[in-house]
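1. fold the following and give me the result.
(one chain, ligands or ions: 1)
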Amino acid sequence: MMAPSTKDFRRVMGLFATGVAVVATYDGGHIRAATVNSFTSISLNPLLVLVSLREESRTAEAIRRSEGFSVNILREDGLALANHFAGNAQEGLSFQFLPFSGGPRLAGALASLGLRLETTYPGGDHLLFLGRVEALHEGEPGGPLVFWKGGYRLLRDPSLSPLQAADPFAPPIPPEPIYHET
Ligand SMILES: Cc1cc2nc3c(=O)[nH]c(=O)nc-3n(C[C@H](O)[C@H](O)[C@H](O)COP(=O)(O)OP(=O)(O)OC[C@H]3O[C@@H](n4cnc5c(N)ncnc54)[C@H](O)[C@@H]3O)c2cc1C
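-> Residues are numbered from 1 along each chain as shown. Got it, this is the predicted structure:
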């Protein structure tokens, strides 16, 4: 059997929908930030998350030298921010980083996590950063920016209740009442 190509791998992994986040850290007197979707929760005790960044990424280099970083989950109007921090500078875009734990917090994000750098692992051509959660910030309620099949998406209606609780140990979520016109 032929080994899968990078193109096939990207296409298949693109079927796994993710959110979009901006990872940020202090780099000397500056802030360095990049758009990521390789962000996942790892452990509940202790609270740990993981971010994977290309080895040559300037943000990866800065995190390696740092004591911590932040992950800022973008809301559905965060398209320009996602593009900007992916290296496509957006004309006239304004944003603000605020002091936070681990790394600076991106104002207006759906939520931010302040992380102490726990361990860095090699991961092929990427570096895996394990962060211990030191602070959480939740912004205004809203829907997330979603990445799927290589493109940005919106949830059709983020207020829709889930079909079932994803956590089998979580108490069941009562269904939204459905009203029929008579
Ligand atoms: C949806 C999506 C998901 C992605 N997921 C990942 C992933 O999981 N892992 C990965 O390695 N790559 C990912 N990328 C690609 C990654 O975002 C780019 O490679 C990015 O350029 C990071 O490279 P860098 O760390 O060298 O950052 P740079 O190229 O140095 O910075 C990225 C951009 O942010 C701007 N910027 C950085 N800091 C600041 C600041 N303080 N103020 C103003 N502007 C600033 C820079 O000018 C530049 O335009 C993703 C891209 C997209 C679109």
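2. so where's this structure shaky on pLDDT?
-> The model of the chain has pLDDT under 70 over residues 158-182.
3. can you pull out the helices in it?
-> Remark: helices assigned in the chain by DSSP state H are 6-13, 58-65, 79-84.
4. of those, flag the one that's most buried.
-> Using mean count of other C-beta atoms under 10 Å, the stretch among the helices of the chain with the greatest mean number of neighbours is helix 58-65 (a mean of 19). For the C-beta atoms, the positions are set from N, CA and C on the backbone; glycine is no exception.
5. show me which residues of this structure are close to the ligand?
-> For the chain, the contact set with the ligand under C-beta under 6 Å from any ligand atom comprises 20, 31-38, 52-54, 57-59, 82, 84-87, 89, 147.
6. among these, name the buried ones.
-> Buried subset of the residues of the chain next to the ligand (neighbour count, 16 or more other C-beta atoms under 10 Å): 20, 31-38, 52-53, 57, 59, 82, 84-85, 147.
7. who's in contact with the residue nearest to P144 when sequence neighbours are not counted?
-> Take P144 and drop its neighbours on the chain: the residue closest to it by C-beta to C-beta, 6 or more residues apart in numbering is G19, 4.8 Å away. Listed by C-beta atoms under 8 Å, 6 or more residues apart in numbering, the contact set of G19 reads 37, 39, 73-74, 144-147.
8. quick one: the strands in the chain?
-> Counting by DSSP state E, one finds strands in the chain at the ranges 18-19, 21-27, 30-36, 39-44, 47-54, 68-73, 97-98, 105-106, 111-123, 126-138, 145-148, 151-154.
9. could the ones you listed be laid out in a markdown table, adding distance to A3?
-> Below are these laid out as a markdown table (distance: least, C-beta to C-beta, whole Å):
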| stretch | distance to A3 |
| --- | --- |
| strand 18-19 | 25 |
| strand 21-27 | 31 |
| strand 30-36 | 27 |
| strand 39-44 | 26 |
| strand 47-54 | 21 |
| strand 68-73 | 33 |
| strand 97-98 | 42 |
| strand 105-106 | 39 |
| strand 111-123 | 19 |
| strand 126-138 | 19 |
| strand 145-148 | 25 |
| strand 151-154 | 27 |
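10. next one: L154 from V20, what distance?
-> Note on L154: its distance to V20, by C-beta to C-beta, to the nearest Å, is 11 Å.
11. need the overlap of contacts for these two.
-> Overlap between the neighbourhoods of L154 and V20 consists of 145-146, taking contacts as C-beta under 8 Å, 6+ apart.
12. so the residue nearest to P144 bridges to which residues?
-> V146 (DSSP bridges).
13. go on, the one 4 residues further on?
-> For V23, the beta-bridge partners are A34, V71 (DSSP bridges).
14. how many other residues sit next to it?
-> Neighbours of V23 under the rule other C-beta atoms under 10 Å: 29.
15. look up how far S52 lies from it.
-> V23 sits at a distance of 10 Å from S52 (criterion: C-beta to C-beta).
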